[in-house]
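Sequence and predicted model, in that order:
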Amino acid sequence: MALVLHAGKGKNVFKTLIAAEYCGIKVELAQNFEMGVSNKTPEFIKMNPIGKVPVLETPDGAIFESNAIARYVCRLKSDSPLYGSSLIEYGHIEQWIDFASLEIDANLLIWFRPRFGYASYLPPAEEAAISALKRALGALNSYLASNTYLVGHAVTLADIIMTCNLYLGFTVLMTKSFTSEFPHVERYFWTMVNQPNFSKILGEVKQTEKVPPVSSSKKPSQPKEATKTKPKDEPKKEAKKEPEKPKAEADEEEEAPKPKPKNPLDLLPPSKMILDEWKRLYSNTKTNFREVAIKGFWDMYDPEGYSLWFCNYKYNDENTVSFVTLNKVSGFLQRMDLVRKYAFGKMLVIGSEPPFKVKGLWLFRGPEIPQFVLNECYDMELYDWTKVDISDEAQKERVNQMIEDFEPFEGESLLDAKCFK
Ligand SMILES: N[C@@H](CCC(=O)N[C@@H](CS)C(=O)NCC(=O)O)C(=O)O
C-alpha cells in the first residue's frame, strides 16, 4: 500500500512532501480531500482523534502530527542524510526542530490566527507573540551568520521544518521591513526555498507586502461606525472568504489593473556605453587583459549613464568558514538576477585564512544604485557602498584590479573572485 497523506495545502504538508523528495519516497495525497468535511468523518477520527490534518496512512497504521510524519518518512530511507551522520548531529537536528516549532511556529500562529479569522484578536497577546518571535529570529540570525545549514554541511530535516515554518511567516505575515532586521535568516530562507527539492513543492515563493488586517469578526465588539453609503443600483460585492480589508486597501486592490510601469532605468537618456558589449569584451578577453579589456572598459565607460560602486561586507569578522562565505557571495549574485540588464559586478573573497574579507565592485545603470535593487535584494544592506570617484587615479586602479582579479589584492591572495554579468 502506498503512503497516503490526508491534507489540504500548507506548510505542515510541505514538510513531508519535501522530505519525501529528498529521500526518494513516494507519498500520495488523498483524493478529493475536503477540509472541514473529510477530517471530521468517523474513519478520519480513528486515524487522528483531534480531527486535524495532516495524517499519513501507512501499511502499519496512521500517523498524525506533521513533524512526526516527516520524521517517519525520513526514517523509511535507511541512513537518511536528513538525519545527520552522528548522534550529536541527530541531537542538534531535534533541537532545531523543536526550536522551529516552539519558538518560531507557535508565535507565528498566535499572530496568524486572529488575522485570518481563526481566533479572537487580543492585542497584548499578539504583541507578546511578535516580541517572542523576534527574539527567536534574532537568535536564529546570529547562528546563521556563520552557518549555511542548521546542522552540518547539508540540508537536514531541521532545515525542512524550519523553512516550512518560516514559509508561513514570509508569505503571509512578515514583510520585508520586518525581516530585514534578520538578514541571515532572510538569506537562509531564500536559499532554502530555491533548492530544487523545495521549489518543486513550494513553487515560486513571494514575500508578503503587507500584514493582513485583523478579521473584523474577530475584533472585540465596538460601537458600529457610520459606513459610507453606496448608490443603490451598485451591485453588492460577493462576501469574500478572505479577511475583510480596510476600505482604502480594498479599493486599491479592486481598481482596474494598471499597465506594468516601465523600469525607470529604461527611461534614462541613452548612453554610449552598451552594457552587453562590455560584458562580451570582459568574457572574450583571454590575454592582455589590461591592454584589451580594462582599456576597453574605460573607453566605453559613460560616467553620466552609469556609476561605479565599491562594496565592503559589513560583517567580515563572521566569515570564518570558507565555504559558508563563498555560499553567501554566490547567493548574493543569484539574487541580483533582477538587475542583470542594468549591472555588472565583481565580488572578491579575500585572504588565505579566515576571517575572509568580501569586497566588490559594481557598475550600475544610472547615477545611483537602482532603488528597486535596494528594495528587493536584501544582501545590499549587508554591505557598505561607496561611489567610485573616477577622478581619483588610486580608485580607478582599484577598479582595474577588481575587474582583472589582480593578486595580491590589497596585499592578500584571493580565495575566489566571482563575476556578475
Ligand atoms: N500540530 C499539528 C497541527 C495541525 C493543524 O493545526 N492542522 C490544521 C490545518 S494546518 C487543521 O487540521 N485544522 C482543522 C481543525 O482545527 O479542525 C501538526 O503539526 O500537524
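Arrived safely, thanks for sending. Residues are numbered from 1 along each chain as shown.

can we go C-alpha only for contacts and neighbour counts from here?
Will do.

going on from the helix or strand of the chain with the lowest mean pLDDT, what's the next piece of helix or strand?
One helix or strand of the chain scores below all others by mean pLDDT, DSSP states H and E: helix 247-254, with a mean of 33. Going down the chain from helix 247-254, the next helix or strand is helix 275-284, by DSSP states H and E.

List the buried residues of that following helix.
Within helix 275-284, the residues that qualify as buried by neighbour count (16 or more other C-alpha atoms under 10 Å) are Leu275, Trp278, Lys279, Leu281, Tyr282.

near the ligand, from the residues you listed?
With C-alpha under 6 Å from any ligand atom as the criterion, these include none near the ligand.

JSON lines for the residues you listed, including distance to Thr191 and pLDDT?
JSON lines is the format used below for the buried residues of helix 275-284 (distance: C-alpha to C-alpha, whole Å; pLDDT from 0 to 100):
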{"residue": "Leu275", "distance to Thr191": "28", "pLDDT": "96"}
{"residue": "Trp278", "distance to Thr191": "30", "pLDDT": "97"}
{"residue": "Lys279", "distance to Thr191": "27", "pLDDT": "96"}
{"residue": "Leu281", "distance to Thr191": "31", "pLDDT": "96"}
{"residue": "Tyr282", "distance to Thr191": "28", "pLDDT": "96"}
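
Turn those into TSV, including distance to Ile369.
What follows is those, written out as TSV (distance: C-alpha to C-alpha, whole Å):
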residue	distance to Ile369
Leu275	16
Trp278	19
Lys279	19
Leu281	23
Tyr282	22
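
Residues contacting the top helix by length along the chain, please?
Ranked by residue count under DSSP state H, the longest helix found in the chain is helix 123-144. Outside helix 123-144, the residues that touch it by C-alpha atoms under 8 Å, 6 or more residues apart in numbering are Glu103, Ile104, Asn107, Leu108, Ile110, Trp111, Leu150, Phe182, Pro183, His184, Val185, Tyr188.

can you do 10 Å?
Applying C-alpha atoms under 10 Å, 6 or more residues apart in numbering, the external contacts of helix 123-144 come out as 96, 99-100, 102-114, 147, 149-150, 166, 178-179, 181-188, 219-220, 318, 324.

next one: stretch 394-411
Applying C-alpha under 10 Å, 6+ apart, the contact partners of stretch 394-411 are 282, 289-290, 293-295, 297-298, 308-310, 345-348, 350-351, 359-362, 387-390, 393, 413-414, 416-419.

let's see it at 8 Å
289-290, 294, 346-348, 350, 360-361, 388-390, 413-414, 417.

Then stretch 11-19?
7, 27, 54, 66-67, 69-70, 73-74, 82, 157, 160-161, 164-165, 167-168, 197-198, 201-202.

contacting residues for the closest residue to the ligand within the stretch 101-250 of the chain?
Closest approach between the stretch 101-250 of the chain and the ligand, counting by C-alpha to the nearest ligand atom: Ser101, at 8.5 Å. Each residue near Ser101 by C-alpha under 8 Å, 6+ apart is listed here: Met162, Asn165.

coming back round to it: show me what the mean pLDDT comes to for the longest helix of the chain.
Helix 123-144 comes out with an average pLDDT of 96.

which element is Thr325 on?
helix 322-335.

I'd like the distance from that helix to the chain centre, please.
Between the centre of helix 322-335 and the centre of its chain there are 14 Å (C-alpha atoms, centre = their mean, to the nearest Å).

Does Gly360 fall in a helix, a strand, or a coil region?
strand (DSSP: H, G, I helix; E, B strand; the rest coil).

Likewise for Asp384?
strand.

Same question for Arg187.
Reduced to three states by three-state DSSP, Arg187 is helix.

how much space between it and Phe33?
Arg187 sits 35 Å away from Phe33, going by C-alpha to C-alpha, to the nearest Å.

Let me know whether Pro370 touches Phe364 as I believe.
Yes: Pro370 is within contact range of Phe364, at 7.3 Å (criterion: C-alpha atoms under 8 Å).

And those two? Which one has more around it.
Phe364 (23 against 17; other C-alpha atoms under 10 Å).

Beta-bridge partners for the more buried one, please?
Bridge pairing for Phe364 (DSSP bridges) gives the partners Ser307, Ala343.

give me every residue that touches it.
If you count contacts by C-alpha under 8 Å, 6+ apart, Phe364 has them with Tyr306, Ser307, Leu308, Trp309, Tyr342, Ala343, Phe344, Pro370.

one more time with 7 Å, if that's ok
Tyr306, Ser307, Leu308, Tyr342, Ala343, Phe344 (C-alpha atoms under 7 Å, 6 or more residues apart in numbering).

Buried ones from the residues you listed, can you make that a ChimeraX selection?
To isolate the buried members of the contacts of Phe364 in ChimeraX, using 16+ other C-alpha under 10 Å:
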select :306,307,308,342,343,344
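
Select, from the contacts of Phe364, the two members most distant in space.
Spanning the widest gap among these are Leu308 and Tyr342, at 12.1 Å by C-alpha to C-alpha.

middle-most residue in the chain, spatially?
Trp190 (2.7 Å; C-alpha atoms, centre = their mean).

hang on, the residue of the stretch 101-250 of the chain closest to the ligand in a helix?
Yes: Ser101: assigned to a helix according to three-state DSSP.
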